[in-house]
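Asker: Have a look at this fold, sequence not included:
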């Protein structure tokens with residue numbers, strides 16, 4: 001599952017880079033019937049799931065759907081994205097490893113609650129969460145609660161560096177899960 005920052009602090013070019021990252025990592029997951037499934041949540045001041053696990057079972061159709069994701073361009077509420085993640089994970093197939101890639105290029109809205117309860121709810125699903133922190137604005141101390149292990153935080157200097165990270169992440173998935181091509 002991919003949780004993609006679609007807030008107003010993400011430029012159009014940055015949003016395109018996020019979508020390229022999603023497509024690149026998803027390609028490594030061997031998307032096919034009776035194999036891997038992928039869902040995508042986009043978030044700003046609310047979170048929505050335009051791509052559910054059962055929606056696309058081929059890479060080409062999934063990529064087209066990712067290309068058509070809208071850019072919400074509002075404030076950033078990561079807590080709502082995390083709670084949406086929990087709801088979507090409830091629809092995942094049992095006994096299949098669950099990965100969450102949470103992308104953000106900034107901080108939680110200042111008027112929003114802390115991420116603790118929402119992050120704990122994701123952890124309780126048993127999913128392995130990776131945090132992809134893009135740029136200099138993410139507060140890693142605030143975001144640390146999203147992942148179980150500090151090694152699951154991937155800091156990327158700029159949106160343009162996401163493509164290289166997608167290659168490294170794909171190799172890590174292959175090593176740890178053995179489900180990739």
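Answerer: Perfect, I can see it now. Just so it is clear, the structure is predicted and the values come from calculations on it, not from any experiment.

Asker: Next, give phi and psi for residue 66.
Answerer: Per-residue torsions, residue 66: phi -60, psi -40 (degrees, to the nearest 10).

Asker: check contacts around it.
Answerer: Shown in contact with residue 66 (Cβ atoms under 8 Å, 6 or more residues apart in numbering): 19, 22-23, 26, 40, 51. All C-beta atoms are positioned from the backbone trio N, CA, C, and that covers glycine.

Asker: Lowest pLDDT pick from these?
Answerer: Comparing pLDDT over the contacts of residue 66, the lowest score belongs to residue 26 (89).

Asker: The residue in the chain sticking out farthest from the centre in helix, strand or coil?
Answerer: Most distant from the centre of the chain: residue 111, at 22.9 Å, with distances by Cα atoms, centre = their mean. Secondary structure for residue 111, judged by DSSP: H, G, I helix; E, B strand; the rest coil, is coil.

Asker: do the same with residue 50
Answerer: Three-state assignment for residue 50 (three-state DSSP): strand.

Asker: how deep is it tucked in, by neighbour count?
Answerer: Using other Cβ atoms under 10 Å, residue 50 has 15 neighbouring residues.

Asker: does it really touch residue 71, like I thought?
Answerer: No - using Cβ atoms under 8 Å, residue 50 is not in contact with residue 71; the gap is 11.8 Å.

Asker: Now do the shared contacts for the two.
Answerer: Joint contacts of residue 50 and residue 71 (Cβ under 8 Å, 6+ apart) do not exist.
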